[in-house]
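S.K.: All I have is the shape, not the residue letters:
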């Protein structure tokens, strides 16, 4: 079970980081937790590791929920760090992660990348 949770966290991390970068609302204190990020993105894990084509509706719904939940710079940084940490533990298809926002109809101002510097998110 622990490995499954790690996979979920990693998948969530890879795809949520760019979603968070879109919303540049100022703030100083994070109100989102890593467990919330993972919960929102959990439906995307199987798709990001083994999928092809379009993500399942539950994945897109979770990604949209995460984007809506991240309202401050601190939230964005927290979610980004959580996502990158989790993603480092999974074998995620980077192309699927990069295309997830557009495949879910979510507009982002950044490109998904495992090299995002979370400290530079505003």
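M.R.: That came in fine, so what should we check first? Note that the structure is predicted; figures quoted are calculated from it, not measured.
S.K.: C-alpha from now on. contacts and neighbour counts both.
M.R.: OK.
S.K.: what's the following helix or strand after the strand or helix carrying residue 45?
M.R.: Using DSSP states H and E, residue 45 sits in helix 45-50. Toward the C-terminal end, the helix or strand that comes next after helix 45-50 (DSSP H and E) is helix 57-69.
S.K.: residues of that following helix that come out buried?
M.R.: 59-60, 62-64, 66-67, 69 (16 or more other CA atoms under 10 Å).
S.K.: just the helices in this structure please.
M.R.: Counting by DSSP state H, the chain has helices at residues 2-21, 34-41, 45-50, 57-69, 73-87, 94-103.
S.K.: quick one: which of the ones you listed is nearest residue 122?
M.R.: Among the helices of the chain, the nearest to residue 122 by CA to CA is helix 73-87 (4.9 Å).
S.K.: What angle do helix 57-69 and that closest one make with each other?
M.R.: Angle, helix 73-87 to helix 57-69, by axes from the mean of the first three to the mean of the last three CA atoms, to 10 degrees: 140 degrees.
S.K.: just to revisit the earlier point, so which of the helices of the chain is nearest residue 117?
M.R.: Nearest to residue 117, of the helices of the chain and by CA to CA, is helix 73-87 at 8.6 Å.
S.K.: Perfect, that will be all.
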